[in-house]
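# Dropping a prediction and its sequence here:
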Amino acid sequence: MNLAFIPSPSTGVIELGPIPLRGYAFCIIIGVFVAVWLGNKRWIARGGKAGTVADIAVWAVPFGLVGGRLYHVITDYQLYFSDGQDWVDAFKIWEGGLGIWGAIALGAVGAWIGCRRRGIPLPAWADALAPGIAIAQAIGRWGNWFNQELYGKPTDVPWALKISEGTNRVAGTYHPTFLYESLWCIGVALLVIWADRRFKLGHGRAFALYVAAYCAGRGWIEYMRVDEAHHVLGLRLNVWTAIVVFVLAVTYIVISAKVRPGREEIVEPAAVGLSQDGDKAADTTADKADDKADDAPEEDAPGTPEAAGDPGAQAPDEDGAPQKADRS
């Protein structure tokens with residue numbers, strides 16, 4: 001009997017009057033806010049304007065949610081379209097089921113639209129957001145804990161996850177793969193932040209590093225899971241996806257470093273233009289002040305004949321003696 005384990009919540013929903021508060025949705029929302037907050041700080045540090053990350057996230061997040069749900073429904077279609085299943089459940093996103101591969105792919109489309117509207121390069125924006133996305137995934141994985149889903153093989157280790165009896169699940173203690181992936185994502189975020197500071201990653205390479213590092217962890221974590229999934233050549237479909245995307249990400253890092261080394265000097269032209277306008281305004285103000293000083297009438301020094309008001313007085317001669325006016 002396993003005396004030490006991680007308990008699962010008895011329910012993933014808290015009823016607040018007529019409003020159901022779902023733990024899965026809360027984890028997703030909190031993760032999005034943290035990603036935008038951290039991305040905004042990194043974007044400002046790169047020379048961008050405050051609020052730009054949030055403006056583009058307005059496009060990226062909805063696209064990402066749709067993409068994540070589409071990937072899940074397509075790859076697990078038997079859960080919704082086989083005999084005895086209700087296809088309407090495919091729209092019940094609050095019950096869980098978001099594929100990160102689809103979320104990133106379609107979310108990138110939304111981000112591209114937002115970046116084009118703001119006139120900024122998508123790779124630079126993605127680099128700023130990369131660690132935040134990893135942390136958002138780390139937080140979002142706790143939504144699986146609320147729903148008692150995506151656990152691993154049976155185990156009696158002290159950190160095993162206790163699952164209660166329910167639909168499509170058997171009571172017991174299992175590997176908490178949600179926790180493994182959450183901790184891995186935090187490590188990925190720290191790796192990207194360190195590498196970005198150490199090597200000044202640019203042109204999308206920080207984002208590609210996040211993708212490669214995440215895939216490396218997702219591969220072995222996915223292999224531990226026991227939930228139903230499609231298999232190709234003996235491996236789960238998501239394992240193959242992780243392998244392919246990992247290779248593509250590493251290839252991009254290598255080629256990009258050769259073709260476009262270094263980091264972008266300007267990530268948001270509008271921010272640079274605003275600064276230049278401010279400098280020009282200051283210069284214009286200074287020039288006007290100088291012009292006013294040049295145009296001001298010169299006042300005679302006190303004690304001079306002109307200041308005394310004697311029209312007949314003359315300036316002293318070279319010996320210093322005053323000269324009399326010639327009145328003839």
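Noted; the coordinates are in hand.

# ok, and what's touching stretch 76-83?
73, 85-87, 89-90, 97, 228-230 (C-beta atoms under 8 Å, 6 or more residues apart in numbering). The C-beta positions use only the backbone N, C-alpha and C, and glycine is treated the same way.

# repeat for stretch 208-227
100, 104, 130-131, 133-134, 137, 149-154, 174-175, 177, 180-181, 184-185, 187-189, 191-192, 195, 201, 235-236, 238-239, 242-243, 245-246, 249-250, 252-253, 256.

# circling back: among the contacts of stretch 76-83, find the lowest-pLDDT one for me.
Lowest pLDDT among those: residue 228, with 77.

# For the spatially most central residue of the chain, list the residues it contacts.
By C-alpha atoms, centre = their mean, the chain has its centre lying nearest to residue 129, at 2.2 Å. Neighbouring residues of residue 129 by C-beta under 8 Å, 6+ apart: 35, 39, 42-43, 53, 207.

# quick one: which of those is nearest residue 167?
Closest approach to residue 167 among these (C-beta to C-beta): residue 35, at 31.7 Å.

# Show me what counts as buried in the helix or strand hosting that closest one.
Residue 35 belongs to helix 23-45 when assigned by DSSP states H and E. Neighbour counts using 16 or more other C-beta atoms under 10 Å place 23-28, 31-32, 34-36, 38-40, 42-44 of helix 23-45 among the buried residues.

# same thing with stretch 168-178?
So, applying 16+ other C-beta under 10 Å, buried residues of stretch 168-178: 172-178.

# gap between that stretch and the chain center?
In terms of C-alpha atoms, centre = their mean, to the nearest Å, the gap separating the centre of stretch 168-178 from the centre of its chain is 32 Å.

# next one: stretch 176-196
15 Å.

# How about stretch 25-32?
Taking C-alpha atoms, centre = their mean, one finds the center of stretch 25-32 at 14 Å from the center of the full chain.

# which ones are touching residue 184?
214, 217-218, 221.

# if we go to 6 Å?
residue 217 (C-beta atoms under 6 Å, 6 or more residues apart in numbering).

# do the one 5 residues further on as well
When the contact criterion is C-beta under 6 Å, 6+ apart, the partners of residue 189 are 131, 134-135.

# How about residue 246, nearest residue that isn't a chain neighbour?
residue 215 (3.8 Å; C-beta to C-beta, 6 or more residues apart in numbering).

# tell me which residues in the helix or strand harbouring the one you found are buried?
Taking DSSP H and E as the definition, residue 215 sits inside helix 205-224. Under the neighbour-count criterion of 16+ other C-beta under 10 Å, helix 205-224 has 205-219, 221-222 buried.

# Go ahead and measure how far that helix is from the middle of the chain.
17 Å.

# on that earlier part again, from the contacts of stretch 76-83, which would you call buried?
73, 90, 97.

# separation between the residue nearest to the centre of the chain and residue 195?
Separation of residue 129 from residue 195 (C-beta to C-beta, to the nearest Å): 15 Å.

# Spatially nearest residue to residue 169 (excluding sequence neighbours)?
Per C-beta to C-beta, 6+ apart, closest to residue 169 is residue 163, 5.7 Å.

# surely that neighbour meets residue 147?
No. Using C-beta atoms under 6 Å, residue 163 is not in contact with residue 147, being 10.8 Å away.
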